[in-house]
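1. Give me a model of this one.
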Amino acid sequence: MSRLFVALILAAEVVTLIVLWRVAPGVLVLALSPVVPLTLLVALLLRRALNSAAYMARRLSPEAIAGYRRSRGPAANSPEELSRSIVERAEEIRRGLAESPSEIRVEMCALGYRACANDMITLTHLTNEELPYAGFLRRFKLRRSRKRATDALAAARAALPPGALSATRQEHQ
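-> Predicted structure coming up:
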């Protein structure tokens, strides 16, 4: 917003100088011509001062930090980010089960698969909430991200040995 504001001020100054040059060419326009570069210099110096670490530290408060922490969370993820996370974890599960895995590795992959399945439920919920209000391209992206996650989760499920999801060793005891 400040860039737009500075650009509008500079444009107004240039237009004013051009109009003055047309109406009364001479010394007045030459005397006022340094105003444009001075405005640009002041804007750059002000931006540097306001973006400095010292100024930012003075503006920081415990309330701002606490508010920032509260605003971030798993619910703030977009469906695309959640889909990407599911796909990455599902690929890791498939890679982990590619060679002859130990019993512990199979259990860990089964736990990872369950976490991905839970995230898939969340992804489906987020997508279904967003679809009615989304435009054509957004709907396409949402469906594509959900399809990618579904395909990756199905591939991870196929990589798990039979009976791996029935119960873990801890649940038997």
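2. So which elements touch the longest helix anywhere in the chain?
-> Across the chain, the helix with the greatest residue count (assigned by DSSP state H) is helix 103-130. Judged by 3 or more Cβ pairs under 8 Å, 6 or more residues apart in numbering; DSSP states H and E, helix 103-130 is in contact with helix 79-96, helix 136-159. All C-beta spots, glycine's among them, are computed from the backbone N, C-alpha and C.
3. can you do 10 Å?
-> helix 79-96, helix 136-159, helix 169-172 (3 or more Cβ pairs under 10 Å, 6 or more residues apart in numbering; DSSP states H and E).
4. JSON lines for those helices, including mean neighbour count, mean pLDDT and distance to V42?
-> Formatted as JSON lines, those follow (neighbours: other Cβ atoms under 10 Å; pLDDT from 0 to 100; distance: least, Cβ to Cβ, whole Å):
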{"stretch": "helix 79-96", "mean neighbour count": "19", "mean pLDDT": "92", "distance to V42": "40"}
{"stretch": "helix 136-159", "mean neighbour count": "16", "mean pLDDT": "93", "distance to V42": "42"}
{"stretch": "helix 169-172", "mean neighbour count": "8", "mean pLDDT": "50", "distance to V42": "67"}
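5. residue contacts, A115?
-> Contact analysis of A115 by Cβ atoms under 10 Å, 6 or more residues apart in numbering lists S85, I86, R89, I93.
6. again, 8 Å this time
-> R89 (Cβ atoms under 8 Å, 6 or more residues apart in numbering).
7. Check the gap between it and D151 for me.
-> From A115 across to D151, the span is 18 Å (Cβ to Cβ, to the nearest Å).
8. repeat for E63
-> With Cβ to Cβ as the criterion, E63 and D151 are 44 Å apart.
9. Same question for A11.
-> Note on A11: its distance to D151, by Cβ to Cβ, is 52 Å.
10. any idea how far T127 is from L142?
-> From L142 to T127 the distance is 5 Å (Cβ to Cβ).
11. what touches both of the two?
-> Common contact partners of L142 and T127 (Cβ under 8 Å, 6+ apart): P79.
12. low-confidence ranges in the protein?
-> 1, 65-76, 167-173 (pLDDT under 70).
13. how does it divide into domains?
-> 2-70, 75-172 (automatic domain parsing).
14. Can you say which of the ones you listed is packed in most?
-> Neighbour counts (mean count of other Cβ atoms under 10 Å) averaged over each of the domains of the chain peak at domain 75-172, with a mean of 15.
15. And that one, how far out from the chain middle?
-> Relative to its parent chain, domain 75-172 has a centroid offset of 20 Å by Cα atoms, centre = their mean, to the nearest Å.
16. Many thanks, have a good one.
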